Each structure stands twice: as structure tokens, then as C-alpha cells.
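K.L.:
mind folding the following:
(chains A, B, C and D)
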2 protein chains.
Amino acid sequence: MTTKKTRPQAPSFDFPLPFTTVDVVIFTVADDALKVLLVQRPQDKKSEPFPGWWALPGGFVDVAVDQDLLACAERKLREKTGVLTPYLEQLGSWGGAARDPRGWSATHVYFALIPSRDIELAKGANAADVAWFAVEDVLADPRLAFDHAAILQTAVERLRGRVEYTSLPAFLLPEPFTLPQLQRIYEIVLNRAVDKSGFRTRMLAAQFLVEAGHVEGSSNRPAMGYRLADRRTPVVFPRTFSPRD
Amino acid sequence: MTTKKTRPQAPSFDFPLPFTTVDVVIFTVADDALKVLLVQRPQDKKSEPFPGWWALPGGFVDVAVDQDLLACAERKLREKTGVLTPYLEQLGSWGGAARDPRGWSATHVYFALIPSRDIELAKGANAADVAWFAVEDVLADPRLAFDHAAILQTAVERLRGRVEYTSLPAFLLPEPFTLPQLQRIYEIVLNRAVDKSGFRTRMLAAQFLVEAGHVEGSSNRPAMGYRLADRRTPVVFPRTFSPRD
DNA sequence: AAAATAGTGTCTTTGAGACAATATCAG
DNA sequence: CTGATATTGTCTCAAAGACACTATTTT
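P.N.:
Okay, here's the model as predicted:
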């Protein structure tokens, strides 16, 4: 993490400043499972905390490069996955004296949804230290650097919560996609079955899909393909999926 | 903003750090209107940006005093209002090169809901520079310091959004309160009328209110008083108030 | 024709919206 | 009793849940 161009800090203050970082929780669905992208922290350098541990991709804000927090998050995402314009939403921020052994730090966390086919994991020297993990496995054995386990936990809760009443899962699929494919994504993220008929009615009534011709499935009856009318913002449904107790 | 106790910064880095601040959007309802607490920035000191402008209460994180971001937000809130344990939720963070003339800065924003009777505005020397403003007025003429107008806008949208399907407005009332009083708060925040019958059914079905004996109103029929079963977390309703187009 | 998946129809239930009706207090 | 406010009841409607049924493809 080096600064290419240094800029003089405006007035100097007589009190210590916390570190400012940005982390990105990058989700995708592959192999019928919700996955999250993790990077392995350097093993060798002893100055770096949590050597060899897995962590969310992220790092220090570079005030000479990043115009704002969102731009910084987009940069981190691009550097690790090559993806340019995914669904990206701010999750929140975590900051305190104890989360980083180097001192008081605060991280601004974003979460991203990307179709698994769009991904081209960071190549070159550091290719080996980036990998997808099944969210279920990571949460069951949450040994992540810093407070990243808690952050991931919050991100998954936020994702599951949103999926109950928005079209978010559509951002996890490459276009065009079929309604059965989309339903499958909902079921994977929510970890429960969803009724076919009600699902179709809800999706089509929400008016966010545009037909894109039939897609030839591997076999059997072909299904209608759809694209998103708006690739930036999810649609909000009038009710959640299950008001059941 | 001075640090009482300085702590040596762990390792020194060769790149400039952004400033880290915390701001709090403090809402209450008084005089039949949604209000927000603002503080006036110092007029005299020329080193301070936006002299004389109104701003959200907040300021630099004090790494010697604040254990974490939430504790910092609670401190700011306590210093301005004397309130100890209100409803407090993280709103998000704003950071970039342009928002503060002194340099790259990032602020972590919380929003608080407090009953207007609990408030004791900051006394002493700086009593005059803290005041309640009608949210409607501020949004109509949004001349606030930094990017605080945008932050307030987001906070109001978040509040209005949550109020559609949660019991949040209950945190704006002192206990015990009556259902008609609570309904009035909903109407003020949402800025529209709410049906009485449906409102009562919804509130009572959600099981978050406990009866607290009759409250003698100014006249007419007395209403049942209620307290919150859980003073920390709001209840989520199965649907929003108006799915109408 | 059989298997498999895509897509539709029907009935029930939940909870909101509209609005009328009744209850209980002060004066 | 009257006025005002609190509280309840009735009818309708939108959308979800359950589940059976039909449609279209491949083999």
C-alpha cells in the first residue's frame, strides 16, 4: 500500500488520527452456493497484522488517488475481480481502538453483487491469495482477520433481509436469465424453498424484467430469457416473502 | 476539539491520513413537527471552516477517549442533549477529498430519536449555538456546513422509509404514551393521514406495547397508556403502510 | 409415450384501507 | 344531554401461500 503522489496535509493537528480503510464484501452465487471473496494476508512481513489469515478485500484509502469512499471501493473491487460496474451498496462502518493492533482504525464497508461468469480473479503474483469461499463454511468457522467475521455476518444478514423484499438477486445473474434460474438464486440466498407460482407472479408484476427471447436450456422445455430494465437499482416488492412466524 | 491524553501513534506511515469524524442526526417531534438538532459553527476562529454556518452536531474522533464509533456518537449526543440512551442507529458514512476544505475527511453518521421532553440542551457558554429546526424548513433552504444537507436528506429518507414498516416513532415519545399520540407521530413523520382503525390493529398485533394504565387526557375520554416492551429495538411490521401507487 | 422442466389456475389466508358504529369521559 | 375523543366492527381488496394442473421440449 504505497502512495504514488503525496499531497501536503492541510493544517497539521496536534492529536493522532485514526487509520481510514475501505473493505468490500463481494458476493456471488456459484455451484449452488452463496460465495464471498476473501484475500489472504501476507505471510512474510511481520509488520502486517494477521499474517496468513483470510480477510475481506480492502485497504487504506489513498487520498491521492481516491476521490471519495465509493471510488475507493470501486478501485478495490476492480483490482481484485476486474469487474467495473456491479451492484454496490454501502453496508456501514466499523471503527475502534481494538480492531487493528496498529492503532485506532475505522473501515467503511461496501457490499457488491456480481454474476460469477463476469469474474476474472486478480492475476499475476498475487493470484493465489484471492479465492471464493462458501459463506456457509466461513460463518461456521469464522476465523477472519480483524473484525471481518462480524462484518461478514452483518453483510449476510443485510443481503438476506433485502432479498426478502427486493429484486437484488437479479444482480447475481448474467443476462439474459430465466425465471427458474432467478428463483434458484433466491432459494440459495434465503436457504429455503420458494413457491414457483407466487414467485413468477411477483417478479412479473414488479415490472423490472424485459423479455429477451427464449433461451435454449440444456434440455427440456426452453424458458423465456429476461434482462433487467434498470441495471443500477433493485425493485422493492410490496411485501416480504414470508410473513409467517 | 482537544485531546486530553495523547497516545503515541503505533507505526508511523509515509502517507497522509484522512480526518475521521462522527456526526449525529438527532430527531425529535415537537410542536407537531419533525425537528432536527443543529449547532452553529464558531464565528470568530478563521481556522475553522464554514464560520457561523449551522451543522449537524459532531466532530473529530478522540482516540484517547472514544473506545469505538458508537461510543463517540453517544458522547456527542450526551454533550449536546444530556440524553444517555436514546434509539441510536448507524446511518452510513460520507468521505472524500472535497467535503472539508482542510483535507480528505470521512465522517461516520448516526441518527438518534429522542422524546422532546427528555431534552436538556447543552448549557453554559455554548448554549446559544445549539437549536432545534423544523426538518421541513431546513430541507427547503438547505444551507448547512460541509455536506450536511445531503446527509440530513438521507437521514430523513431513512427515517421515513423505516417508519412505513417499523415501530420507530415510538422512540420519539416519552412513556407512557397513548395510541392516538403514537398515531399523531406517525402522521407527522410521514406527512400524511393514517387510518385509525387499521393503525390500532397493526400496533396491537405487533405485540411490542405493554399496557400501563389509563392516562388522563386534558379532557374527554381518557386513553390507555402504553410502554415499550423493548426499549432498544423497533418491531418490523409485515407490510408497509401504503402499497398504493 | 415418458421424463423433465416451464408456465398457469384456483382456492385460502393475512393484513391493510375505508368508513361506520359504539363507548366513555368532561362540562 | 352534548361534544369530543377513544375504541371497535364490517366490508373490501391486494398479494402471498399452497398445490394442482397444463404446456412444450428432448429422448
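K.L.:
what's the following helix or strand after the lengthiest strand in chain A?
P.N.:
Longest strand of chain A, by residue count under DSSP state E: strand A:19-30. Heading C-terminal from strand A:19-30, the first helix or strand you meet, by DSSP states H and E, is strand A:33-40.
K.L.:
doesn't A:Phe27 make contact with A:Phe111?
P.N.:
Yes - under the criterion of Cβ atoms under 8 Å, A:Phe111 makes contact with A:Phe27 at 6.7 Å. Backbone N, C-alpha and C define where each C-beta goes, glycine included.
K.L.:
the two: who's more crowded?
P.N.:
Counted by other Cβ atoms under 10 Å in any protein chain shown, A:Phe111 and A:Phe27 do not tie: A:Phe111 has more neighbours, with 27 against 24.
K.L.:
for the more buried one, which three-state class applies?
P.N.:
Classification of A:Phe111 by DSSP: H, G, I helix; E, B strand; the rest coil places it in strand.
K.L.:
chain B versus the nearest residue in space to it that is not next to it in sequence, what's the distance?
P.N.:
Distance criterion Cβ to Cβ, 6 or more residues apart in numbering or on different chains; nearest residue to A:Phe111, sequence neighbours excluded, is A:Val25 at 4.2 Å. As judged by Cβ to the nearest Cβ, to the nearest Å, A:Val25 and chain B stand 15 Å apart.
K.L.:
I'd say A:Val25 and A:Leu56 touch.
P.N.:
Yes - counting by Cβ under 8 Å, A:Leu56 is a contact partner of A:Val25 at 5.9 Å.
K.L.:
what number of residues lie near A:Leu84?
P.N.:
With other Cβ under 10 Å as criterion, A:Leu84 counts 9.
K.L.:
hang on, it in a helix?
P.N.:
No - per three-state DSSP, A:Leu84 lies outside any helix segment and is coil.
K.L.:
identify the residues contacting it.
P.N.:
A:74, A:78 (Cβ atoms under 8 Å, 6 or more residues apart in numbering or on different chains).
K.L.:
the residue of chain A found nearest DNA strand C sits in which helix or strand?
P.N.:
Across chain A, no residue is closer to DNA strand C than A:Ser197, which sits at 2.7 Å (Cβ to the nearest atom of the strand). Remark: A:Ser197 resides in helix A:196-205, with elements defined by DSSP H and E.
K.L.:
list the helices and strands that helix packs on?
P.N.:
helix A:179-190 (3 or more Cβ pairs under 8 Å, 6 or more residues apart in numbering or on different chains; DSSP states H and E).
K.L.:
the helix it packs on - what's its average pLDDT?
P.N.:
Per-region confidence: helix A:179-190 scores 97 on mean pLDDT.
K.L.:
looks like A:Ile114 contacts A:Leu88 (just checking).
P.N.:
No - judged on Cβ under 8 Å, A:Ile114 makes no contact with A:Leu88 at a distance of 9.4 Å.
K.L.:
so which of those two has more stuff around it?
P.N.:
More neighbours surround A:Ile114 than the other of A:Ile114 and A:Leu88, with 23 against 19 (other Cβ under 10 Å).
K.L.:
now the more buried one: phi and psi?
P.N.:
Main-chain dihedrals, A:Ile114, degrees, to the nearest 10: phi -140, psi 140.
K.L.:
any idea how far B:Phe146 is from it?
P.N.:
Going from A:Ile114 to B:Phe146 by Cβ to Cβ, to the nearest Å gives 33 Å.
K.L.:
what's around the residue nearest to A:Phe111, how many residues?
P.N.:
Neighbours around A:Val25, by other Cβ under 10 Å: 26.
K.L.:
can stretch A:175-186 be found next to DNA strand D?
P.N.:
No - using Cβ under 7 Å from any atom of the strand, we find that stretch A:175-186 stays clear of DNA strand D, coming within 10.4 Å at best.
K.L.:
for that stretch, buried residues please.
P.N.:
Across stretch A:175-186, burial judged by 16 or more other Cβ atoms under 10 Å in any protein chain shown covers A:176-179, A:181-186.
K.L.:
chain center to that stretch: distance?
P.N.:
19 Å (Cα atoms, centre = their mean, to the nearest Å).
K.L.:
what sits up against it?
P.N.:
So stretch A:175-186 is contacted by A:29, A:32, A:163, A:169-170, A:172-173, A:194, A:196, A:199-200, A:203, A:212-213, A:215, A:217, A:223-228, A:241 (Cβ under 8 Å, 6+ apart).
K.L.:
what about that stretch, near DNA strand C?
P.N.:
Yes - applying Cβ under 7 Å from any atom of the strand, one finds stretch A:175-186 touching DNA strand C at A:178-180.
K.L.:
sorry, back to before: mind checking which of the contacts of stretch A:175-186 are in helices?
P.N.:
Counting by DSSP state H, the part of those found in helices is A:163, A:196, A:199-200, A:203.
K.L.:
can you list the residues of chain A near DNA strand C?
P.N.:
Within chain A, the positions lying close to DNA strand C (Cβ under 7 Å from any atom of the strand) are A:178-180, A:196-197, A:200, A:217, A:219-224, A:243.
K.L.:
would you turn those residues into JSON lines with distance to B:Asp68?
P.N.:
JSON lines is the format used below for the residues of chain A next to DNA strand C (distance: Cβ to Cβ, whole Å):
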{"residue": "A:Thr178", "distance to B:Asp68": "46"}
{"residue": "A:Leu179", "distance to B:Asp68": "45"}
{"residue": "A:Pro180", "distance to B:Asp68": "45"}
{"residue": "A:Lys196", "distance to B:Asp68": "46"}
{"residue": "A:Ser197", "distance to B:Asp68": "48"}
{"residue": "A:Arg200", "distance to B:Asp68": "46"}
{"residue": "A:Gly217", "distance to B:Asp68": "51"}
{"residue": "A:Ser219", "distance to B:Asp68": "55"}
{"residue": "A:Asn220", "distance to B:Asp68": "55"}
{"residue": "A:Arg221", "distance to B:Asp68": "55"}
{"residue": "A:Pro222", "distance to B:Asp68": "54"}
{"residue": "A:Ala223", "distance to B:Asp68": "49"}
{"residue": "A:Met224", "distance to B:Asp68": "50"}
{"residue": "A:Pro243", "distance to B:Asp68": "35"}
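K.L.:
now the two most distant members of the residues you listed.
P.N.:
Pairwise distances among these were taken by Cβ to Cβ; the largest, 37.0 Å, belongs to A:Ser219 and A:Pro243.
K.L.:
and the two? which has more neighbours close in?
P.N.:
Using other Cβ under 10 Å as the criterion, A:Ser219 and A:Pro243 rank with A:Pro243 on top: 10 against 6.
K.L.:
how is chain A partitioned into domains?
P.N.:
Following automatic domain parsing, one finds the domains of chain A at A:19-163, A:168-228.
K.L.:
pick the most buried one from these.
P.N.:
domain A:19-163 (a mean of 18; mean count of other Cβ atoms under 10 Å in any protein chain shown).
K.L.:
anything in that domain near DNA strand D?
P.N.:
No - using Cβ under 7 Å from any atom of the strand, we find that domain A:19-163 stays clear of DNA strand D, coming within 12.5 Å at best.
K.L.:
check A:Arg239 and give its pLDDT.
P.N.:
So, for A:Arg239, pLDDT stands at 83.
K.L.:
separation between it and B:Arg200?
P.N.:
On the measure of Cβ to Cβ, A:Arg239 and B:Arg200 end up 21 Å apart.
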